[in-house]
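[1] sequence plus predicted model, see below.
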Amino acid sequence: MPTRTRRRLREHTVGLLARKWTLRIAVTLSGDTKRHSELAKCLPGITQKVLTETLREMERTGIVERFVYPVVPPKVEYKLTEVGLELLKLSKEFASWFDTHHENIHKAKRIYDRQR
């Protein structure tokens, strides 16, 4: 893959991961497959539009897989892919890093805020 294309893909992916709801959706899907409405119930405050857009982009990026069942009304479920499960590992590593350094972060913020 050419460097420019790879850089654009990395920037796009980082942007997706930086969104407010992406990791929350991934964590919600960590246990099992869920329907759109189940995800919405587990994520108070998320709008239908944002949930749909984020799920679409997560599917496009290979983080989630979407299953459509040919029934009336249509049944759609979402599940983390292997890529999504790896993302959860990264999320846990970040949480571990934060747990190790949260006091230093808090102290630095207090010092910075006092100086301003």
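    Received the coordinates, thanks. Residues are numbered from 1 along each chain as shown.
[2] quick check: buried residues in the lengthiest helix in the chain?
    Secondary structure of the chain per DSSP state H: the longest helix is helix 82-115. Residues of helix 82-115 classed as buried by neighbour count (16 or more other CB atoms under 10 Å): Gly84, Leu87, Leu88, Ser91. Using the backbone N, CA and C atoms, a C-beta is placed for each residue, glycine as well.
[3] who touches the closest residue to the last one other than its chain neighbours in this structure?
    Pointing back at Ser91 there. Distance criterion CB to CB, 6 or more residues apart in numbering; nearest residue to Ser91, sequence neighbours excluded, is Leu23 at 5.6 Å. When contacts are counted by CB atoms under 8 Å, 6 or more residues apart in numbering, Leu23 touches Leu17, Leu87, Ser91.
[4] check contacts around the second one.
    Applying CB under 8 Å, 6+ apart, one finds that Leu87 lies in contact with Leu17, Leu23, Ala26, Ile63, Leu80.
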